[in-house]
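S.K.: my questions are about this predicted structure, shown below with the sequence.
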Protein chains: 2
Amino acid sequence: MNFFSSDFKLGILGGGQLGKMMLYETRKLDIFTKVLEATDDAPSRIACNEFVKGELLNFDDVYNFGKTVDVLTIEIENVNLSALEKLEDEGTKVYPPTSALRIIHNKATQKLFYVDNNIPTAEFHRFAYTSEIKDSIENGGLSFPFVWKCAQFGYDGQGVKVVRTFSDLEGLPNVECIAEDMVPFKNELAVIVARNSKGEVKTYPVVEMEFHPEANQVEYVICPARIPDAVAQKAQEIALQVADKIKHVGLLAVEMFQTNEDEILVNEVAPRPHNSGHYSIEASYTNQFEQHIRAILGLPLGDTKSKVAGIMVNLVGAEGYTGNVVYQNMEDILKLEGVTPHIYGKKETRPFRKMGHVTIVNKDIDKAREIAEQVKNTIKVISE
Amino acid sequence: MNFFSSDFKLGILGGGQLGKMMLYETRKLDIFTKVLEATDDAPSRIACNEFVKGELLNFDDVYNFGKTVDVLTIEIENVNLSALEKLEDEGTKVYPPTSALRIIHNKATQKLFYVDNNIPTAEFHRFAYTSEIKDSIENGGLSFPFVWKCAQFGYDGQGVKVVRTFSDLEGLPNVECIAEDMVPFKNELAVIVARNSKGEVKTYPVVEMEFHPEANQVEYVICPARIPDAVAQKAQEIALQVADKIKHVGLLAVEMFQTNEDEILVNEVAPRPHNSGHYSIEASYTNQFEQHIRAILGLPLGDTKSKVAGIMVNLVGAEGYTGNVVYQNMEDILKLEGVTPHIYGKKETRPFRKMGHVTIVNKDIDKAREIAEQVKNTIKVISE
């Protein structure tokens, strides 16, 4: 493939912030890009060569778009998979492959895949409808507490709920779901695996995640994770195993729990650049977006090591503010050492809405952690 | 100023590659951008919010464009300065200020400015027309060899010629020019100074440049320069002095000679992000493009230190090839450690045309230099 040929076209399904950051990397190689997205004001519209309006879950929209490109990738996994399968059958290169997306798309299927492949994961029960859970508890098949997860379309904490009593079940949508054991854990970790279309594989260092207790969104991502080497190595091996078994092409972010006994359990995976890898823009030799592009184009993978320690702070809308966004104290955080804000350009804020992220890099990880906390305590996403 | 307000608009004169790299940085702060450029296929068109077609040297085009933005900056200095002066008079923030651009715009004026401000620079003579040079030599006012420089519109080695005999003068355009002493030197150095609209100033480390002997284009830029600390400090002090005296706002790249006696002589300056700062995208805590944006918006300047050593190799068209560009052995350089290509997207190559650059970063500068040479000897910009 000659990516520099004016004939070559890379298609991206989804026009969000991840797609935008991916598109910046395509510019380094001067690749012609096309984006499919349903809304006119899609963030990545500003960074692509051609923008096509269409629904990501509509068969015809995805199929017709896919027929106009040479390689097709995604920045969000909720897309029409039947259209992708047909495109693959007809010769379009779809990366990640639809077979991988099929496994990931449904949380029940994903969990079964781990079980089938001896990949450690928390115990779970599968239900066709949430309404079946009550019976199962009453029959002794399931017991409180557990984590209810909607099998489809979970994103960023939506579609996930901790269930401790029958009343917690009230109000949950009556959909296909799983009930997962609540395993006590020390840390939430993530490993990003890159696998190119020729089978070359590399892992990024293990990162450590801290979640906001209420919003269930990542608050800090810390690279490298401050865990023993043996645990880090185990996490990387398991992540590699997932990418290998799933026959992935592109980036695969593997989220994991480190239990109190230092066991690693796979939580879930995302088949694309991921929030847990944003630190890589400033900290890594090859950032995750460039790596994804290299992987899907069959190019040699870049160095996944870090130049310096990196910490990412998510910028979410402050509680009590809804409306036109204001980034209070932005200038104060710009004064701090090694701080880079990434504002996503959403015009309206609301409580816990993800509005951007800030990366803090430093040769000294403790210093970075200190500055990250200063950043978090200083900048506030409010409304006018 | 609230840059996040939908009312705020940043204007950039020039739609080239430098502007494109600057625009990527505006996205981090979600700043609304407008670009003025004469050609429909301007590289930065893909990265701005609004594109306006117009001539950079036409008074009306620049003035009318400037009236629609809050802050106006440049990515190339050959713009209509009278329009900028009128815009400044009427309240538009023009950075760098027109007074600085007036000094830089004409090489004779620039040299006189150095003399007036006790900034060390090579001796020179000024001529209203090239044709006057012959007389001056015959009268003993000037002697061979010297460097002839066109006073206006010099760019990338055009408009510069070493003159050793009368015959070297033949064919030179009969324009305003200077004849500069040829000072033997050890090194060509550059220092980028950032100065924001509130007067805060920072310098980047001194870089060392190696030129291609025939094309007179930079071949390697090495950061940090491998020179004694005392020389580096002197170079930074002189660069600061230039930025201060010129009352600059934005980035100022100061190119200098290190003489055999370790004196520093200012060669010339560029009032914008510069080829000698491209390494900063991968190597610095704050890259030069983000720094320029911070400076012109009056934001606190970022850290100018390096995370790792950085070397930049210019990608220029190979001799003997003209036509549709092909980047031969691109995959081979992507296999090397810490290598990031930046292809500018020009469709046609010709000998010595600047087609892109490649950055090599490494904790060890000698290792980086080794890989840089491998890159240079491997990738070839040829035609189909």
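M.R.: Alright, I've got the coordinates.
S.K.: the nearest residue to A:Lys307 once chain neighbours are set aside and B:Phe153, how far apart?
M.R.: Leaving out its chain neighbours, the residue that sits closest to A:Lys307 by CB to CB, 6 or more residues apart in numbering or on different chains is B:Lys307, at 4.3 Å. In short, each C-beta sits where N, CA and C put it, glycine included. Separation of B:Lys307 from B:Phe153 (CB to CB, to the nearest Å): 37 Å.
S.K.: how about the helices in the stretch 1-150 of chain A?
M.R.: A:17-28, A:59-66, A:81-89, A:98-105, A:107-116, A:132-138 (DSSP state H, counting those that start in this stretch).
S.K.: and if you look at the stretch 151-300 of chain A?
M.R.: Using DSSP H, counting those that start in this stretch, helices in the stretch 151-300 of chain A cover A:166-169, A:229-245, A:280-283, A:288-296.
S.K.: and these: which comes nearest A:Thr39?
M.R.: Comparing these against A:Thr39 with CB to CB, the closest turns out to be helix A:288-296 (21.5 Å).
S.K.: what comes into contact with the closest one?
M.R.: A:10, A:21-22, A:24-26, A:28-29, A:31, A:71, A:73, A:93, A:95, A:192, A:194-197, A:202, A:204, A:249-251, A:272-274, A:277-278, A:280-281, A:286, A:299-302, A:304, B:334, B:340 (CB atoms under 8 Å, 6 or more residues apart in numbering or on different chains).
S.K.: before we move on, back to that, is it true that the residue nearest to A:Lys307 touches A:Gly310?
M.R.: No: using CB atoms under 8 Å, B:Lys307 is not in contact with A:Gly310; the gap is 10.3 Å.
S.K.: okay, stretch A:116-132 in CSV with CA atoms only?
M.R.: Provided in CSV are the C-alpha atoms of stretch A:116-132 (Å, rounded to 0.1, in the frame of the first residue of the first chain):
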residue,chain,number,x,y,z
ASP,A,116,-13.2,-19.9,27.1
ASN,A,117,-9.6,-18.7,26.7
ASN,A,118,-8.6,-19.2,30.4
ILE,A,119,-8.1,-15.4,30.8
PRO,A,120,-8.7,-14.6,34.5
THR,A,121,-11.8,-12.5,35.1
ALA,A,122,-14.4,-12.0,37.9
GLU,A,123,-17.1,-14.7,38.2
PHE,A,124,-20.4,-13.7,36.6
HIS,A,125,-23.9,-14.7,35.6
ARG,A,126,-25.6,-13.9,32.4
PHE,A,127,-29.2,-12.8,32.0
ALA,A,128,-31.3,-12.2,28.9
TYR,A,129,-33.3,-9.6,30.9
THR,A,130,-32.6,-7.7,34.1
SER,A,131,-36.0,-9.0,35.4
GLU,A,132,-34.6,-12.5,35.6
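S.K.: looking at A:Lys347 now. What's its pLDDT?
M.R.: With respect to pLDDT, A:Lys347 has a value of 88.
S.K.: how far away is the most centrally placed residue in chain A from A:Met312?
M.R.: Nearest to the mean C-alpha position of chain A, by CA atoms, centre = their mean, lies A:His274 at 3.3 Å. As judged by CB to CB, A:His274 and A:Met312 stand 11 Å apart.
S.K.: any shared contact partners between these two?
M.R.: Going by CB under 8 Å, 6+ apart, no residue sits against A:His274 while also sitting against A:Met312.
S.K.: please name the nearest non-neighbouring residue to the residue in the stretch 101-250 of chain A that chain B sits nearest to.
M.R.: Using CB to the nearest CB, the closest approach of the stretch 101-250 of chain A to chain B is made by A:Glu200 at 9.8 Å. Setting aside the residues directly before and after it, A:Glu200 is nearest to A:Leu301 in space (CB to CB, 6+ apart), at 5.4 Å.
S.K.: the one you found in helix, strand or coil?
M.R.: coil (DSSP: H, G, I helix; E, B strand; the rest coil).
S.K.: report the rounded mean pLDDT for stretch A:74-81.
M.R.: The model assigns stretch A:74-81 a mean pLDDT of 95.
S.K.: contact partners for the residue nearest to A:Ala253 when sequence neighbours are not counted?
M.R.: Distances taken as CB to CB, 6+ apart place A:His274 nearest to A:Ala253, at 3.4 Å, with adjacent residues excluded. Neighbouring residues of A:His274 by CB under 8 Å, 6+ apart: A:190, A:192, A:251, A:253, A:288.
S.K.: the first one and A:Val206 touch, don't they?
M.R.: So the one you mean is A:Ala190. Yes: when contacts are counted by CB under 8 Å, A:Ala190 is listed as touching A:Val206 (7.4 Å).
S.K.: more neighbours: the two, which one.
M.R.: Neighbours were tallied for A:Ala190 and for A:Val206 using other CB atoms under 10 Å in any protein chain shown; the higher tally belongs to A:Val206 (29 against 26).
S.K.: any idea how far that one lies from A:Tyr285?
M.R.: Taken as CB to CB, the span from A:Val206 to A:Tyr285 is 17 Å.
S.K.: show me what contacts the residue of the stretch 151-300 of chain A found nearest chain B?
M.R.: Chain B sits closest to A:Pro300 of the stretch 151-300 of chain A, with a gap of 4.3 Å, by CB to the nearest CB. By CB under 8 Å, 6+ apart, A:Pro300 lies in contact with A:196, A:200, A:294, B:331, B:334-335.
S.K.: if we go to 7 Å?
M.R.: Contact partners of A:Pro300, counting by CB atoms under 7 Å, 6 or more residues apart in numbering or on different chains, are A:200, A:294, B:331, B:334-335.
S.K.: so can I have TSV of the residues you listed showing neighbour count and pLDDT?
M.R.: Output for these, formatted as TSV (neighbours: other CB atoms under 10 Å in any protein chain shown; pLDDT from 0 to 100):
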residue	neighbour count	pLDDT
A:Glu200	15	97
A:Arg294	24	97
B:Glu331	15	94
B:Leu334	20	96
B:Lys335	13	96
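S.K.: okay if I get these as a markdown table plus distance to B:Asp41?
M.R.: Compiled in a markdown table, the contacts of A:Pro300 are given as follows (distance: CB to CB, whole Å):
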| residue | distance to B:Asp41 |
| --- | --- |
| A:Glu200 | 35 |
| A:Arg294 | 27 |
| B:Glu331 | 27 |
| B:Leu334 | 27 |
| B:Lys335 | 32 |
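S.K.: closest one to B:Glu176 out of those, please.
M.R.: B:Leu334 (46.3 Å).
S.K.: nearest spatial neighbour of that closest one, chain-adjacent residues omitted?
M.R.: Once chain neighbours are set aside, the closest to B:Leu334 by CB to CB, 6+ apart is A:Pro300, at 4.6 Å.
S.K.: kindly report the same for A:Cys150.
M.R.: A:Gly159 (3.5 Å).
S.K.: does the one you found touch A:Val147 like I think?
M.R.: No: using CB atoms under 7 Å, A:Gly159 is not in contact with A:Val147; the gap is 10.9 Å.
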